[in-house]
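*Asks:* Sequence first, predicted model second:
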Amino acid sequence: MLADLHVHGMAHGEFNHSKEAIRPFIEYAESRGLEVLGFAEHDWFLEEIKFELIRSLQVETPVSLRVGLEVDHRPGLDCAGLTKEYPFDYLIGSVHEIDGFLFDHPDYIEVYEQWDSDLLYAAYFERLEDLIESDCYDIVGHFDLIKVFGCRPKKSILPAVTDLLQLIKQKHLVVEVNTSGRYKPAGEKYPSDDILLLCRSLDIPITLGSDAHMPRHVGRDLADQVEALTRMGFREIVTFKGRKPEFHSL
């Protein structure tokens, strides 16, 4: 079973929700053998999402189309107020910022020099905890994104990670396996295998995402990840429809 719930059909504003722009994403999903394709635009494009357009394209493809949203979570964000008027199938919560430091943006790489790596990870995990506690989301996006440019902690993060995963389990959230990190300086997916093994030991459900910002990246490396996840002991992935989870055998 292949699904990709983390596709940005608008990218960072390079595309829009028109048939001409969206169809190539769907066609590439078909070529990758995907059964479910989820468009999860960045929340700053909220007003530009055309739900009916995407759903009208369902008749043209065997791929099941879903509409989600990736929310750039910040402490105090009223996610429910942000999304309650919209018929989303799922919400991805992600942390991209620490006190104005857009740590996954290449223009901010020099800011890493101002941080002790252990303190930076602690600050990131604090915001991730706030995301999990917010009761806003269905999916935790790219769990260890803070490693994107190769910043690594000096001490083990597994105790802190375990606490966060136990909270994720308590909140009945799903962890995303996101392949885009393999094409960043981090050189590996989010989250890392050791974190995924903890997810497996805690029986935390997972989903799949490519974080595609262009059609040819849809479903990238997901087939390989299904094989790896199966070897780790995972037997199913989760998709969503109408904010309700659907479980699929790998």
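*Replies:* Sure, I can see it. Numbering: from 1, shown residues only.
*Asks:* count of residues packed around residue 96?
*Replies:* Neighbour count of residue 96, defined by other C-beta atoms under 10 Å: 20. Just so you know, the C-beta spots here come from the backbone N, C-alpha and C atoms, and that holds for glycine as well.
*Asks:* Report pLDDT for residue 10.
*Replies:* pLDDT, residue 10: 97.
*Asks:* Does it touch residue 16 like I think?
*Replies:* Yes: in this structure, residue 10 is within contact of residue 16 by C-beta atoms under 8 Å, at 6.1 Å.
*Asks:* Which elements pack onto the helix or strand bottoming out on mean pLDDT in the chain?
*Replies:* Counting by mean pLDDT, DSSP states H and E, the weakest-scoring helix or strand in the chain turns out to be helix 79-83, with a mean of 78. Other elements packing on helix 79-83 under the criterion 3 or more C-beta pairs under 8 Å, 6 or more residues apart in numbering; DSSP states H and E are strand 64-72, strand 90-94.
*Asks:* Could I get the buried residue list for it?
*Replies:* By neighbour count with 16 or more other C-beta atoms under 10 Å, helix 79-83 contains the buried residues 79, 83.
*Asks:* What lies in contact with that helix?
*Replies:* Applying C-beta atoms under 8 Å, 6 or more residues apart in numbering, the set of residues contacting helix 79-83 from outside is 43, 46, 69, 71, 73, 91, 93, 134, 136-137.
*Asks:* same question, stretch 211-225
*Replies:* 2-4, 6-8, 11-12, 14, 24-25, 27-29, 32-34, 37, 142, 177-180, 182, 189, 208, 210.
*Asks:* rerun at 6 Å
*Replies:* 2, 4, 6-8, 11, 24-25, 28-29, 32, 34, 177-180, 208, 210 (C-beta atoms under 6 Å, 6 or more residues apart in numbering).
*Asks:* could you dump that stretch to PDB, C-alpha only?
*Replies:* Extracted C-alpha coordinates of stretch 211-225, given in PDB (Å, rounded to 0.1, in the frame of the first residue of the first chain):
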ATOM      1  CA  ASP A 211       6.800  16.600   1.100                       C
ATOM      2  CA  ALA A 212       6.700  17.100  -2.600                       C
ATOM      3  CA  HIS A 213       6.700  20.700  -3.900                       C
ATOM      4  CA  MET A 214       6.700  19.600  -7.600                       C
ATOM      5  CA  PRO A 215       5.100  16.700  -9.400                       C
ATOM      6  CA  ARG A 216       8.100  14.600 -10.000                       C
ATOM      7  CA  HIS A 217       8.700  14.400  -6.200                       C
ATOM      8  CA  VAL A 218       5.300  12.900  -5.500                       C
ATOM      9  CA  GLY A 219       5.800   9.500  -3.800                       C
ATOM     10  CA  ARG A 220       9.500   9.800  -3.900                       C
ATOM     11  CA  ASP A 221      11.300   6.900  -2.100                       C
ATOM     12  CA  LEU A 222       8.000   5.700  -0.500                       C
ATOM     13  CA  ALA A 223       8.200   2.200  -1.900                       C
ATOM     14  CA  ASP A 224      11.700   1.800  -0.400                       C
ATOM     15  CA  GLN A 225      10.400   3.000   2.900                       C
END
